[in-house]
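Colleague: I would like to see how this sequence folds:
(one chain, ligands or ions: 1)
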Amino acid sequence: MKVCVVGGGASGLVASLLIAQRGHEVVLLEKNEKLGKKIYITGKGRCNLTNAVTGNEFLQNIVTNPKFVMSSEVRFNSNDTMELFEDLGVPLKVERGDRVFPKSDKASDITKALERRLKLFNVDIRLNSEVKEILTEENKAVGVKLSSGEVINSDAVVVSTGGVSYPLTGSTGDGYKFASVTGHRIVEPVPALVAILLNDKDLKNLSGLSLKNVVLKGYEKKKEIYTTEVGEMLFTGNGVSGPLVLSMSSKINRIDPKNIKLYIDFKPGLGDFALFQRLERDIVELKAKQFSSLLERLLPKALVPIFAQRLGVLRSKKVSQLTAEERQKLCELLKGFPLSVDRLDDIERAVVTSGGVSVKDIKPKSMESKLVSKLYFIGEVLDIDAFTGGFNLQLAFSTAAACASDF
Ligand SMILES: Cc1cc2nc3c(=O)[nH]c(=O)nc-3n(C[C@H](O)[C@H](O)[C@H](O)COP(=O)(O)OP(=O)(O)OC[C@H]3O[C@@H](n4cnc5c(N)ncnc54)[C@H](O)[C@@H]3O)c2cc1C
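Modeller: Next comes the predicted model:
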C-alpha cells in the first residue's frame, strides 16, 4: 500500500516510521526545509517527550476528550514511547513529575533519530513540499496535490499538520481546511497552555515576581471551574504565567473572559481558621511594629504595598491597632487574592491549540475518518489537548500508533 503522510512533526514522523515498518511505501510531505521544527523548541530545547505515568493517571492529564484518547493510549502508552526511542538509540531519563527527556537534554536527538530510521526504512521524505489539497474519490482518500501542482496518488492519506500555535514552526491550521472541505466538523481552535492577561493596574510593576507554593482557583461567575495543585506562578507585567497559570488557561479557554474570576491562595497549607490563629500569633509577636512588618512575614516584599492598598490600611499603622475587621479581611485576601482577567494571550504564543477536527468524526481505534475512508487525522490537528509534562507529545505518538495499526 502507498501512504501519503502530510506534515513531518511529532505525529507524522512516528506514523511514517510505524507504517513503513509494516512494509508499506510511505511518502512524507513536509512544507518546511527541515523535519520536526516544533520538536526542537519543546521542553525548552530538551524535549519532554512523554510522561512515565500510564492509565488513569495519564488520562487525568488530558484536558479535552480523554475518553476518545483512551483506546489509543492503552495500545501505545508512554512505556511504548520510551521503548521506541531507546530502540532508536536515544537513551532517556525520568525527571521530577515523571517527565521523560533524552539523557543528552537535546531535543534535536529525537528528530535526528527518527529521521535516521525513516531513511533506513526507505521513507520518501520530501521537504519544501506543501500540500494544498487532499484528493478524494467516492468518499475515499486517493492522494494529495502540492502547491507546486504536483499530484501524488496514494491508497491512504494521513493528516498530521498540527494546530495553529507557534505558526513559525509550520503549524498554520492547514489540516482544518483539509478536514472541513471533506465535510468534517471543526471545533473552534482556542489557545491552551498560555499566559493570562490581566486588567489589574496595581500588578503591572510585578514583572518577574514568581510565587511558590500557591494555589490558583478559577470561577465562572460563582461556579468553581478548576483549582490547581500547589505550585508556581509568575507575574509578567501585563498578566500571569508559569505552570499553574498554563494549566488554568486550558480549563478556562472557552469561557467569556468577562465571567472569569481567578483567585490566588497564598496559604494553601492552612485552612481559614488555622490561618486566623497563625495571624493572631504573629500580631501578638509584632504588636509594636508597623503593619508592613506583618505583611512582610506573610508575603514577598513586592506584594506588601499592594496588599496594604487593597485592604485600605496604612502600611505605617501599628499592628496592635488593626481592627478585627481588618484582620479578617487580611485572612480573606491571603486565601483569595482576586485577579481580574482581561483575556488569554494570543494563540500564536500558546503551547498548544485546543479545538480542531472534531473527534465525533474520527474512529478512536484507528484515527480514520468516519466520513472519508482511508483518510486519517493524528496529533494536535485533532480536538485533543493535555496539560504540560510530556502529555501532548504522547498524544501525538499514541494517535500516530493507532493510525499505523490500521495498515
Ligand atoms: C514552545 C513549545 C514547547 C512545547 N513543549 C512540549 C513538551 O516539552 N512536551 C510535550 O509533550 N509537548 C510540548 N509541546 C507541544 C507539542 O510540541 C505539540 O503538541 C506536538 O508537536 C504536536 O505534534 P503534531 O505532529 O501534531 O504537530 P506539529 O509538531 O506542529 O507538526 C506539524 C507539521 O506539519 C507541517 N505542515 C503543516 N501544514 C502542512 C502542509 N500543508 N503541507 C506539508 N506540511 C505541513 C508543519 O510544517 C509541521 O512540521 C510544546 C509546544 C510548544 C509550542
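Colleague: Can you report how many residues lie near the nearest residue to residue 88 once chain neighbours are set aside?
Modeller: Distances taken as CB to CB, 6 or more residues apart in numbering place residue 113 nearest to residue 88, at 4.0 Å, with adjacent residues excluded. All C-beta spots, glycine's among them, are computed from the backbone N, C-alpha and C. By other CB atoms under 10 Å, the residues close to residue 113 number 19.
Colleague: Same check on residue 155?
Modeller: Using other CB under 10 Å, residue 155 has 16 neighbouring residues.
Colleague: Is any residue of the helix or strand hosting the residue nearest to residue 88 near the ligand?
Modeller: Using DSSP states H and E, residue 113 sits within helix 107-120. No. Helix 107-120 is not in contact with the ligand by CB under 6 Å from any ligand atom; minimum separation 8.1 Å.
Colleague: before we move on, back to that, now the residue nearest to residue 88: how far from residue 84?
Modeller: Residue 113 sits 9 Å away from residue 84, taking CB to CB, to the nearest Å as the criterion.
Colleague: ok, now residue 359?
Modeller: Counting by CB to CB, the separation of residue 359 from residue 84 is 24 Å.
Colleague: would you list every one of the strands in the stretch 1-150 of the chain?
Modeller: Along the stretch 1-150 of the chain, counting by DSSP state E, counting those that start in this stretch, strands occupy 2-6, 25-29, 50-51, 62-64, 92-95, 99-102, 124-126, 131-137, 140-146.
Colleague: With the stretch 251-400 of the chain instead?
Modeller: Under DSSP E, counting those that start in this stretch, the stretch 251-400 of the chain gives strands at 260-265, 337-344, 352-357, 375-377, 385-386.
Colleague: Of those, which is nearest the ligand?
Modeller: strand 352-357 (5.0 Å; CB to the nearest ligand atom).
Colleague: Show me what the closest one is packed up against.
Modeller: strand 62-64, helix 174-181, strand 186-192, strand 385-386 (3 or more CB pairs under 8 Å, 6 or more residues apart in numbering; DSSP states H and E).
Colleague: what about it, near the ligand?
Modeller: Yes. On the criterion CB under 6 Å from any ligand atom, strand 352-357 is in touch with the ligand at residue 352.
Colleague: change the start of the numbering to 177 and stick with it
Modeller: Yes, from this point I'll number from 177; that puts the last item at strand 528-533.
Colleague: Can I get stretch 333-353 in PDB, CA atoms only?
Modeller: These are the backbone C-alpha positions of stretch 333-353, laid out as PDB (Å, rounded to 0.1, in the frame of the first residue of the first chain):
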ATOM      1  CA  VAL A 333      -3.600   9.900   3.400                       C
ATOM      2  CA  VAL A 334      -2.600  10.700   7.000                       C
ATOM      3  CA  VAL A 335      -3.100  14.400   8.000                       C
ATOM      4  CA  SER A 336      -0.600  15.300  10.800                       C
ATOM      5  CA  THR A 337      -0.400  19.100  10.200                       C
ATOM      6  CA  GLY A 338      -0.600  20.200  13.900                       C
ATOM      7  CA  GLY A 339      -2.600  23.100  15.300                       C
ATOM      8  CA  VAL A 340      -2.200  26.800  14.900                       C
ATOM      9  CA  SER A 341       0.100  27.800  17.800                       C
ATOM     10  CA  TYR A 342       3.700  28.800  17.100                       C
ATOM     11  CA  PRO A 343       2.900  29.100  13.400                       C
ATOM     12  CA  LEU A 344       6.600  29.800  12.500                       C
ATOM     13  CA  THR A 345       7.200  26.100  13.100                       C
ATOM     14  CA  GLY A 346       4.900  25.300  10.200                       C
ATOM     15  CA  SER A 347       1.600  24.600  12.100                       C
ATOM     16  CA  THR A 348      -0.700  27.100  10.400                       C
ATOM     17  CA  GLY A 349      -4.000  25.200  10.600                       C
ATOM     18  CA  ASP A 350      -3.900  23.700   7.100                       C
ATOM     19  CA  GLY A 351      -5.300  20.400   8.400                       C
ATOM     20  CA  TYR A 352      -8.500  22.200   9.500                       C
ATOM     21  CA  LYS A 353      -9.100  23.300   5.900                       C
END
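Colleague: Return the set of buried residues in it.
Modeller: If you call a residue buried by 16 or more other CB atoms under 10 Å, then stretch 333-353 has these buried ones: 333-342, 345-352.
Colleague: Now, those residues that are in helices?
Modeller: Of these, the ones assigned to helices by DSSP state H are 350-352.
Colleague: which among those gets closest to the ligand?
Modeller: When those are ranked by distance to the ligand (CB to the nearest ligand atom), residue 350 comes first, at 3.7 Å.
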